[in-house]
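Trainee: let's see this in three dimensions:
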Amino acid sequence: MHALLAILFMMAIGSLIGAFTNYLAIRMLFRPYRAYYLGRFQLPFTPGLIPKRRTELAEKIGQVVAEHLLTGEVIREKLLDPSLEKELTATARHFFEEKMSQSTSTKQIFKQLGFPSGDQQVSQFLEQKIEGKLITFLGTHRTEKLAELLPKAVIESAERHLPEISEAARAKTIRFLKSPQGIEQLTRLLEQFLNDHGRMFSMAKLFLNTETLAGKLQKELLQLLERPAIQTELETVFEQEWQKILEKDLASLIDPENEQKLAQQVTKEVRDMLALKERFGRPIQDEIRPYQEVMINKVFPYLIQNILDFAAKNSQEMLARLDFAKLIEQQVNAFSLEEVEKLVVEISGRELKMITLLGGVLGGLIGVVQGLLALLM
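Mentor: Residues are numbered from 1 along each chain as shown. The predicted model follows:
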C-alpha cells in the first residue's frame, strides 16, 4: 500500500512538473517582451524567443508570402478567372442601375464634393477659356489668309454647297419680291431714287405712279430671277466671291478693334448653345439614360475585361513595385507583441492546451517509471 502511494505521488509530481514545464516553455515563446538586466548583465531567456527574433521572423514571413504564396502567377490566374470578370461586371451593373434609379443633378454633385457654386465656377471657367483662346487665335493669325486658316475639309464642303446656297438665295429673293413687304420695299426705293436725283426726277413723280412702276419692276425682276441661266450666273458669282473671301487675311475681315467684341459674342453664342445652367440643373440620369443599355451591355464588360487583362499582363511588375515582402515585414513589425501573442493563442489555443496536457501525461509516466525503479532498487 505504501509503495502504491509512493508511485501515485511521484506520478502526480511528474505530471505537474511536465505540464508546468510545457506551459512555461509556451509562455517563454512570447514573454518577457523585453530584456531584463541584473546590473550590466542581461538575464538569460529575456526577452522571449519571438520578441528576440521578431525582425528576422517578420522578414521571413514576408519572403515566404511574396515568393511562394502571393506570386505574380497566382495573381494573374485569379485576374483571368472568368468568374471574377463575371462578378465584377455584375457589381458594376448593379451599382450603375442603382444610381440610375436616383435623380442627381450636376449641381448637387458639386455640393456633395464641397463646391456649392461649382456650376457657376465651371461656366465662368469655360467662358474665360473660350474667349481667351479666340482672342489669342485672332491676334496670332491676323495676317494669315482665310484659306490657310480654314481646314481643307471645311473649304471643300463649302464649295460643294455653293450651288445650294446660291439657289437658296435666289428662292428667298423671289419669295421676298412676291410678298407685300417686297412691293413696299421696291416702292420706297423708287421714291428714294427719284428724290435723290434732282429736280427733274422729282417732277417725274407728278406724272408717274410709283406703285405701278414698282409693280412693273417687280415683274421684270421676277422674270429675270426665274430664267434658268440666272442660276448658273449666280453660282459663278458666289464662287468668285468665295474665292475672294478665301484670299483675304483675317485682319481685313475682322477689325482688330472689334476682336474683343467678336470673341465675347462668339462666347455668348456658345454659352447659349450649350445651355450649361440648365444642363447643370437637370438630372445626370436624364442625359445618360439614352445610352444606358449600351453602357450596361457593352461599355462595362469591355472596360472590366480590358482592366483585368492589363492588370494580369502587368501583375509581376506591379507586385515588384509594391514589394509585398517588405510591406508584410513592416506590417508584422507594426504589430504589438501582445497582439501577436493574442493572435497565436486564438488560432492555436486548443493545440497549445494539448501540448501542456501532453507534458503532464509524459511527466506522470516518467513519475511512475521512477517510482517502480525506486522500489526495485
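
Trainee: chain center to the lengthiest helix in the chain, what's the gap?
Mentor: In the chain, with assignment by DSSP state H, the single longest helix is helix 337-376. Averaging C-alpha positions (CA atoms, centre = their mean, to the nearest Å) puts helix 337-376 60 Å from its chain's average.

Trainee: just checking, what packs against that helix?
Mentor: On a contact count with 3 or more CB pairs under 8 Å, 6 or more residues apart in numbering; DSSP states H and E, helix 337-376 meets helix 2-28, helix 49-52. C-betas here are computed from N, CA, C, even on glycine.

Trainee: okay if I get the ones you listed as JSON lines plus distance to T136?
Mentor: Conversion of the helices and strands packed on helix 337-376 to JSON lines gives the following (distance: least, CB to CB, whole Å):
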{"stretch": "helix 2-28", "distance to T136": "78"}
{"stretch": "helix 49-52", "distance to T136": "68"}
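
Trainee: JSON lines for those, including mean pLDDT and mean neighbour count?
Mentor: Listed next are these as JSON lines, based on pLDDT from 0 to 100; neighbours: other CB atoms under 10 Å:
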{"stretch": "helix 2-28", "mean pLDDT": "80", "mean neighbour count": "16"}
{"stretch": "helix 49-52", "mean pLDDT": "78", "mean neighbour count": "16"}
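
Trainee: the ones you listed: which one's closest to L262?
Mentor: helix 49-52 (78.2 Å; CB to CB).

Trainee: what is the closest one packed up against?
Mentor: helix 337-376.

Trainee: in the helix it packs on, what counts as buried?
Mentor: 337, 340-341, 352, 356, 359-360, 362-364, 366-368, 370-371 (16 or more other CB atoms under 10 Å).

Trainee: tell me the angle that helix makes with helix 2-28.
Mentor: 160 degrees (axes from the mean of the first three to the mean of the last three CA atoms, to 10 degrees).

Trainee: what average pLDDT does the longest helix of the chain get?
Mentor: In this model, helix 337-376 carries a mean pLDDT of 77.

Trainee: same thing with stretch 253-267?
Mentor: On average, the pLDDT along stretch 253-267 is 80.

Trainee: centre of the chain to it, how far?
Mentor: Computed by CA atoms, centre = their mean, the chain-centroid distance of stretch 253-267 equals 36 Å.

Trainee: which stretches of the stretch 51-200 of the chain form helices?
Mentor: For the stretch 51-200 of the chain, the helices defined by DSSP state H, counting those that start in this stretch cover 54-64, 72-79, 82-100, 106-112, 118-140, 146-149, 152-178, 180-196, 198-207.

Trainee: out of those helices, nearest to L38?
Mentor: Here helix 54-64 is closest among the helices of the stretch 51-200 of the chain (CB to CB), at 23.2 Å.

Trainee: can you tell me how far the residue most central in space within the chain sits from I288?
Mentor: Relative to the mean C-alpha position of the chain, the nearest C-alpha, by CA atoms, centre = their mean, is the one of L303, at 12.1 Å. For L303, the distance to I288 equals 15 Å [CB to CB, to the nearest Å].

Trainee: please apply the same query to L217.
Mentor: 59 Å.

Trainee: sketch out the low-pLDDT regions of the chain for me.
Mentor: Within the chain, the segments meeting pLDDT under 70 span 1-2, 190-214, 375, 377.

Trainee: quick check: can you list the domain ranges of it?
Mentor: 23-104+283-352, 118-281 (automatic domain parsing).

Trainee: okay if I get those domains as TSV plus distance to M10?
Mentor: Output for the domains of the chain, formatted as TSV (distance: least, CB to CB, whole Å):
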stretch	distance to M10
domain 23-104+283-352	20
domain 118-281	85
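
Trainee: neighbour count for L217 and I288, which is higher?
Mentor: Legend: neighbour count by other CB atoms under 10 Å for L217 and I288, higher for L217 (17 against 13).

Trainee: and the more buried one, what element?
Mentor: Using DSSP states H and E, L217 maps to helix 210-225.

Trainee: so after that helix, what's the next helix or strand?
Mentor: Later in the chain than helix 210-225, the nearest helix or strand by DSSP H and E is helix 228-247.

Trainee: neighbours around the closest residue to L162 other than its chain neighbours, how many?
Mentor: Of all residues not flanking L162 in the chain, F238 sits nearest, at 5.0 Å (CB to CB, 6 or more residues apart in numbering). Residues near F238, counting by other CB under 10 Å, number 18.

Trainee: how near is F238 to D249?
Mentor: 21 Å.

Trainee: how about L146?
Mentor: For L146, the distance to D249 - CB to CB - is 7 Å.

Trainee: and what of L70?
Mentor: Taking CB to CB, one finds L70 at 67 Å from D249.

Trainee: next one: N258
Mentor: Per CB to CB, N258 is found 15 Å from D249.

Trainee: which one of these two has more residues nearby?
Mentor: D249 (16 against 11).

Trainee: wait, the more buried one touches A147, no?
Mentor: No: the criterion here is CB atoms under 8 Å, and D249 misses it with A147 at 9.9 Å.

Trainee: so how many other residues sit close to L322?
Mentor: Residues near L322, counting by other CB under 10 Å, number 12.

Trainee: same question for the one 4 residues further on.
Mentor: A count of nearby residues for K326, using other CB under 10 Å, gives 13.

Trainee: and if you look at the one 5 residues further on?
Mentor: By the criterion of other CB under 10 Å, Q331 has 12 neighbours.

Trainee: what's the angle from the helix or strand that contains it to helix 337-376?
Mentor: Here Q331 sits within helix 324-334, counting by DSSP H and E. Computed with the same axes, to 10 degrees, the direction of helix 324-334 lies at 70 degrees from that of helix 337-376.

Trainee: run the chain-centre distance for stretch 325-343.
Mentor: Taking CA atoms, centre = their mean, one finds stretch 325-343 lying 36 Å from the centre of the chain it belongs to.
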